[in-house]
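Enquirer: Need the 3D shape of this:
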Amino acid sequence: MFAGLVKISLRPSRRVGGSGGVRTGMERRGRTVQRDHAETIALRALAWLAGETDLLPAFLDQTGAAPRDLAAGAANPVFLAAVLDFLLAEDARVRDFCDASALGYSDPMQARAALPGGQLPHWT
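Expert: I've put the predicted structure just below:
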């Protein structure tokens, strides 16, 4: 149904830093590598999701996105976070994606933590 509608580039965006704090070059590079890896996993999840004709409509309904928005969303870390949020909502989705992508079952959760809004609150 949605096949052929979306061409997704699997290259993560390149950005440095983020919070505006003072960082050393090593910390900045480490954060960028972690973010790039997280974006790559999210892009893989988006590509997998685009091929899942039973899941893609549910993702579009949940996010309010249209099929034409997927390619532009692939360049947006907040959209990629929404892809992982959708994936992580059900264990079966995580399992199916990770099995199809040869990833560990915790990889999507770790990737989500590295994207905007993924930081866990510190309650103490």
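
Enquirer: so where is this protein shaky, pLDDT-wise?
Expert: Across the chain, residues meeting the criterion (pLDDT under 70) sit at 1-32, 120-124.

Enquirer: For Gly118, grab the count of nearby residues.
Expert: By the criterion of other Cβ atoms under 10 Å, Gly118 has 16 neighbours. C-betas here are computed from N, CA, C, even on glycine.

Enquirer: Then Arg93?
Expert: Applying other Cβ under 10 Å, we find 20 other residues in the vicinity of Arg93.

Enquirer: Could I get the contacting residues of it?
Expert: Shown in contact with Arg93 (Cβ atoms under 8 Å, 6 or more residues apart in numbering): 55, 86-87.

Enquirer: What segments of this structure are helices?
Expert: The residue ranges that make up the helices of the chain, judged by DSSP state H, are 25-50, 56-63, 70-73, 77-88, 91-101, 107-114.

Enquirer: for Leu55, what are its contacts?
Expert: By Cβ under 8 Å, 6+ apart, the contact set of Leu55 is 49, 93.

Enquirer: Just want to check the distance between it and Gln62.
Expert: In this structure, Leu55 and Gln62 are 10 Å apart, going by Cβ to Cβ, to the nearest Å.

Enquirer: can you check Pro108 too?
Expert: To Gln62, Pro108 is 16 Å away according to Cβ to Cβ.

Enquirer: So for the two, which sits in the more crowded spot?
Expert: Taking Pro108 and Gln62 together and counting by other Cβ under 10 Å, Pro108 has the greater number of neighbours (25 against 12).

Enquirer: Run a quick neighbour tally on Thr63.
Expert: Neighbour number of Thr63 under other Cβ under 10 Å is 16.

Enquirer: Apart from its neighbours in sequence, what residue is nearest Ala81?
Expert: On the basis of Cβ to Cβ, 6 or more residues apart in numbering, the spatially nearest residue to Ala81 that is not a chain neighbour turns out to be Leu115, at 4.1 Å.
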